[in-house]
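Q: Turn this into a model:
(one chain, ligands or ions: 1)
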Amino acid sequence: MNEVWKQPSVSFEAYRQMVGQEMGVSSWHLIDQKRIDLYADVIDDRQFIHVDPERAKKTAFGTTVAHGFLTMSLLSVMSYEVIPPVAGVTMRVNYGFDRLRFISPVKSGSRVRGRFTLTEATLRKPGELLSRTAVSVEIDGEIVVSSSEALAFESVPERLVVIGAGYIGLELGSVWSRLGAKVTVLEYLDRILPGMDLETAKDALKVFKRQGLTFELGARVTAVKIAGKGAKRTATVSVDGGAAIEADRVLVAVGRKPNTAGLGLEEAGVDLDERGRVVVDANFATSAAGVYAIGDLVAGPMLAHKASEDGVALIESFKGVAPRVDYNLVPGVVYTEPEIGTVGATEEQLKEQGVPYRKGSFPFSANGRARALGHTDGRVKILAHEQTDRILGVHVIGPRAGELVAEAVLAMTFGASSEDVARTIFAHPTLSEAVKEAALAVEGHALHM
Ligand SMILES: Cc1cc2nc3c(=O)[nH]c(=O)nc-3n(C[C@H](O)[C@H](O)[C@H](O)COP(=O)(O)OP(=O)(O)OC[C@H]3O[C@@H](n4cnc5c(N)ncnc54)[C@H](O)[C@@H]3O)c2cc1C
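A: Predicted structure coming up:
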């Protein structure tokens, strides 16, 4: 057995401070820290040693920041020996895998046996939202930002690129466009508002374009590079097969996923599904006894009111009331101008499921109140079962759509048919008359068309 050298490990705290300084962030909350013992392998002709290539791939030196999260790893040497033995070799460890090497010559192909500890930590910038995106573009928080920073730009960016045409990208993109920014929305799919009723999304696209937003659909962003110094920093957004776009700010809004990574859930026996969501039963109980989960962490729409209803239902279940949150009846509202309000099935979903349906739609241009307000863009669309007439989905784009869709949620919660709504008396002149008219239109009887 050879002599075994020991080296003191670099303190994680020192490393954290160093990386924090490099990134201009003075404090991070530690939300997870893992120590993994590794066993060394072959020395190559550049004197680098290789420690489990799979592991090395996942934990390359450096930092990954997504929505304020920082994952960093520190490799420290506990002990090692070289086989065959070499006298007096010194190993240099410089905070990361790619810098772990011998500084005195060791024959290429020699083996190293020893214990190295990799400390991996996930940190969060104070004040950040914990819901993360699956984005691969690095967010620096100033030029390339998440929705949190895009809520608080100090001045209106001249050119704003929004990556992702979901509700968050469109809401924030529209706001900055109204304030004077030239906004370009890049979307990987060939449509905006993925998951929403397609016809409604197409209506929305027309309106947003008319408002001055530029859209590039089917555009896959491949890289975002920041150049320049200080206040003059700008970004270049590269798009697969398209021209690069220059921007003063880039908002990454490519979707959110449950923040279950690094909480030690698996170790606690809490099952996750393939999308990283916590698996719960009808009473929100997880697979670990006494552990419950609600809200964005579990299946269903990732919306505030859904999370809130989950919470109420969970407490009710503790009191012996059978909880019931119908995720098919969770309304979704896009707070653009005009708003978009939607509940239940989309036409695409009904077609996919082979559900026979009839459709009634009514434009706000034929609604007196909308005309008086000067907000005539959009329509109400009602989808009802072809045989039972039960309302299956309602999609509204237009003035106060977020309020109007509440009527549809109420009707659907009570299992209303389109005829029930069509026979209900609505005050005149109100925007809600468009809901009645759309219900009448299911039978082809709209009064003002
Ligand atoms: C930009 C943006 C706009 C949105 N707009 C809307 C909207 O208009 N309407 C709508 O309905 N929804 C909206 N949402 C979604 C909504 O915010 C979420 O669906 C909702 O907040 C989910 O509630 P939750 O309680 O599950 O999670 P959260 O609200 O994320 O709450 C989780 C809490 O747990 C804390 N936490 C996480 N990990 C740990 C830990 N390890 N230790 C201690 N604490 C921890 C977090 O800091 C946070 O306070 C929006 C989201 C974003 C990002």
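Q: In the chain, what residue lies closest to the ligand?
A: Nearest residue of the chain to the ligand (C-beta to the nearest ligand atom) works out as Gly295 at 2.2 Å. No exception for glycine: its C-beta is placed from N, CA and C like everyone else's.
Q: What residues does the stretch 151-300 of the chain have near the ligand?
A: By C-beta under 6 Å from any ligand atom, the part of the stretch 151-300 of the chain that sits against the ligand consists of Ile168, Leu263, Gly295, Asp296, Leu297.
Q: Could you check how far the most centrally placed residue in the chain is from Val330?
A: What sits nearest the mean C-alpha location of the chain, by C-alpha atoms, centre = their mean, is Arg256, with 1.5 Å. For Arg256, the distance to Val330 (C-beta to C-beta, to the nearest Å) stands at 16 Å.
Q: quick revisit: I figured the residue of the chain closest to the ligand hits Asp310, correct?
A: Yes. With contacts counted by C-beta atoms under 8 Å, Gly295 reaches Asp310, the gap being 5.7 Å.
Q: neighbour-wise, which of the two wins?
A: Asp310 (23 against 20; other C-beta atoms under 10 Å).
Q: what sits against that one?
A: By C-beta atoms under 8 Å, 6 or more residues apart in numbering, the contact list for Asp310 reads Phe284, Ile294, Gly295, Val298, Gly300, Val325.
Q: can we see that at 6 Å?
A: Ile294, Gly295, Val325 (C-beta atoms under 6 Å, 6 or more residues apart in numbering).
Q: just to revisit the earlier point, excluding its backbone neighbours, what's nearest the residue of the chain closest to the ligand?
A: Ala307 (3.3 Å; C-beta to C-beta, 6 or more residues apart in numbering).
Q: Tell me the secondary structure at the one you found.
A: Counting by DSSP: H, G, I helix; E, B strand; the rest coil, the backbone at Ala307 sits in helix.
Q: neighbours around it, how many?
A: By the criterion of other C-beta under 10 Å, Ala307 has 17 neighbours.
Q: do you know how far it is from Leu314?
A: As judged by C-beta to C-beta, Ala307 and Leu314 stand 11 Å apart.
Q: same question, Asp377
A: For Asp377, the distance to Leu314 equals 40 Å [C-beta to C-beta].
Q: Which residue lies closest in space to Arg371, excluding its sequence neighbours?
A: Leaving aside its chain neighbours, Arg371 sits nearest to Ser365 (7.2 Å; criterion: C-beta to C-beta, 6+ apart).
Q: Let me know the helix or strand that the closest residue to Leu151 other than its chain neighbours is in.
A: Spatial nearest neighbour of Leu151, chain neighbours left out: Leu172 (7.2 Å); criterion: C-beta to C-beta, 6+ apart. Take DSSP states H and E as the rule and Leu172 turns out to sit in helix 167-178.
Q: repeat for Pro85
A: Assigned by DSSP H and E, Pro85 falls within no helix or strand.
Q: neighbours around it, how many?
A: Number of residues near Pro85 (other C-beta under 10 Å) recorded here: 11.
Q: Next: Phe153.
A: 18.
Q: For stretch 400-413, buried residues please.
A: Residues Arg400, Ala401, Gly402, Leu404, Val405, Glu407, Ala408, Val409, Ala411, Met412 are the ones in stretch 400-413 that count as buried (16 or more other C-beta atoms under 10 Å).
Q: re the thing from before, among the contacts of Asp310, which are in strands?
A: Using DSSP state E, no member of those sits in strands.
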